[in-house]
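Asks: can you look at this prediction? I've put the sequence above it.
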Amino acid sequence: MSHQQGRVIHDADSHIIEGRGWLESYATEYVKTNLETGAFDLNMKALDPLIAAADKRLAGDDPALTEALKSNIFAHPGKRNMWSAYGAVEKRERSDALSIMGVTSQLIFPSVGAGRFARSKDLEVVYGGCDALNRGMADFCADDTQLKSVGYLSLRDPERAQTSLKLALELGINAIWIGSDAVEGRAPSHIAYDPLWAMMEEAGVPVTLHIGSGQNMPSVYMNTGTERVLAGNIGNIETTKDNKVTVAIGLTGEVSGDITAHRVMVAGKVEGNIYAAERVEFHKESIVQGDISYGSIAVEHGARLLGLVIQNPNSSAASNSNADAKNVIRKAQEGSS
């Protein structure tokens, strides 16, 4: 295919399409019995004709459809039936599909399996479900090094997570997917998870996650379980415009100096001015003794802002900068003197 000429292509977001009974086939009896329906019910009646058609093709009873899917692998209308798409369910087909598409390797995620146990109130089901899903993902990718399996790890219980991660690594899982939630009020950077990141670093296994969108970052993401202090630097924090860096001051964080950044999030204490070229957010526990220049602002009830709070009129322009934010404060101070 022309798109692959002179290129090495790695697909970083591929999926398997789990069929009915797929997760159960890798689960213990207890987990199998206690799996939840999940957000997507594989047993809904509306899926019966789709899955029946896919089963027929996979059984070799519709060779014409199989050849048509292979010959137009990117756009054949038959792939709208996810279970019938070439390579979606059957691992031997997936290896052939990569060859047809000209893809060197695929990072392969599960689709709906994690939804059947990840939010269970029973941690035996949560971690038994993780183990079952990871067995299935490892099995799907076991026969072809081009197929890179992505396992799932719940952070609900840091100690149980270590046991589940150990099994995933032993199975040969190539990457670990975690949810984007701040589980049990802990940020992903919480010190309780440090052993997990150390295990993955030692194994050379990366971490992946899907982030949310359209919301401000919840304040619990600042709960790292410890006070992190910049050694030898409790003064000014300044970033550059080009990097568009976000500076976050956690619940126990304290800064004695000015903060200059693209975005600033404060849950702790700042004694100094804040110059946010784009956006600034204040948690209900935050205390700021200084002036604030911002493009847009979010303030939780309870935040204490003790100084000038002024919108930067240039914040939406392409030329906005940290210097613009500082000039707003400087002009306001001159006008009030």
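Replies: That came through, no problem. Residues are numbered from 1 along each chain as shown.
Asks: just for the stretch 51-200 of the chain, where's the confidence low?
Replies: For the stretch 51-200 of the chain, no stretch is flagged by pLDDT under 70.
Asks: how about the helices in it?
Replies: 63-71, 91-101, 123-141, 158-171, 194-203 (DSSP state H, counting those that start in this stretch).
Asks: ok now the second one, how far from the chain's centre?
Replies: Right, the one you point to is helix 91-101. 27 Å (C-alpha atoms, centre = their mean, to the nearest Å).
Asks: which helix or strand contains residue 49?
Replies: Assessed by DSSP states H and E, residue 49 sits inside helix 48-58.
Asks: run through who's touching that helix.
Replies: Applying C-beta atoms under 8 Å, 6 or more residues apart in numbering, the contact partners of helix 48-58 are 19-20, 62, 65-66, 81-84, 89-90. Quick note: C-beta positions are derived from backbone N, CA and C, even for glycine.
Asks: ok, stretch 18-25 next?
Replies: Applying C-beta under 8 Å, 6+ apart, the external contacts of stretch 18-25 come out as 32, 35, 42-43, 51, 54, 83, 89, 110-113, 116, 129, 132-133, 136.
Asks: returning to what we had before: which one among the contacts of helix 48-58 gets closest to residue 161?
Replies: Closest to residue 161 out of those is residue 19 (27.6 Å), distances taken as C-beta to C-beta.
Asks: just to revisit the earlier point, what subset of the contacts of stretch 18-25 is buried?
Replies: Buried members of the contacts of stretch 18-25, scored by 16 or more other C-beta atoms under 10 Å, are 32, 35, 42, 51, 54, 83, 89, 110, 112-113, 116, 129, 132-133, 136.
Asks: what's the burial count for residue 15?
Replies: Counted with other C-beta atoms under 10 Å, the neighbours of residue 15 add up to 15.
Asks: tell me which of the helices of the stretch 51-200 of the chain is the most buried.
Replies: Ranked by mean neighbour count, the helices of the stretch 51-200 of the chain are led by helix 123-141 with a mean of 22 (mean count of other C-beta atoms under 10 Å).
Asks: could you give the angle of that one to helix 91-101?
Replies: Per axes from the mean of the first three to the mean of the last three C-alpha atoms, to 10 degrees, the angle that helix 123-141 makes with helix 91-101 is 50 degrees.
Asks: packing partners of helix 123-141?
Replies: helix 29-34, helix 91-101, strand 105-109, strand 147-152, helix 158-171 (3 or more C-beta pairs under 8 Å, 6 or more residues apart in numbering; DSSP states H and E).
Asks: can you tell me which helix or strand residue 260 belongs to?
Replies: strand 259-266.
Asks: quick one: strands adjacent to that strand?
Replies: Using DSSP bridges, the strands paired with strand 259-266 are strand 237-238 (parallel), strand 246-249 (parallel), strand 274-282 (parallel).
Asks: pipe the helices and strands packed on helix 123-141 into CSV and attach distance to residue 297 per row.
Replies: Below are those laid out as CSV (distance: least, C-beta to C-beta, whole Å):
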stretch, distance to residue 297
helix 29-34, 46
helix 91-101, 47
strand 105-109, 37
strand 147-152, 37
helix 158-171, 35
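Asks: and these: which comes nearest residue 189?
Replies: Of the helices and strands packed on helix 123-141, nearest to residue 189 by C-beta to C-beta is helix 158-171, at 12.8 Å.
Asks: what helices or strands is the closest one leaning on?
Replies: helix 123-141, helix 194-203.
Asks: what's the shortest one in contact with?
Replies: Residues external to helix 194-203 that are found in contact with it (C-beta under 8 Å, 6+ apart): 153, 155, 158, 161-162, 165-166, 169, 176, 206-207.
Asks: max pairwise distance over these: which two?
Replies: Across the contacts of helix 194-203, the longest distance by C-beta to C-beta is 19.5 Å; it joins 158 and 206.
Asks: could you measure residue 93 against residue 56, distance?
Replies: According to C-beta to C-beta, to the nearest Å, residue 93 stands 15 Å off from residue 56.
Asks: return the member of the contacts of helix 194-203 nearest to residue 309.
Replies: residue 155 (36.4 Å).
Asks: so how far is the helix holding residue 49 off the chain centroid?
Replies: 32 Å.
Asks: between that helix and helix 63-71, how big is the angle?
Replies: On the basis of the same axes, to 10 degrees, helix 48-58 is oriented at 90 degrees to helix 63-71.
Asks: in helix 48-58, what's buried?
Replies: Buried residues in helix 48-58 (16+ other C-beta under 10 Å): 51, 53-55, 57-58.
Asks: in CSV: those residues, plus distance to residue 286.
Replies: Output for the buried residues of helix 48-58, formatted as CSV (distance: C-beta to C-beta, whole Å):
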residue, distance to residue 286
51, 52
53, 57
54, 54
55, 57
57, 58
58, 57
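Asks: out of the residues you listed, who's nearest residue 302?
Replies: Comparing those against residue 302 with C-beta to C-beta places residue 51 closest, at 52.1 Å.
Asks: and the gap between the closest one and residue 301?
Replies: On the measure of C-beta to C-beta, residue 51 and residue 301 end up 50 Å apart.
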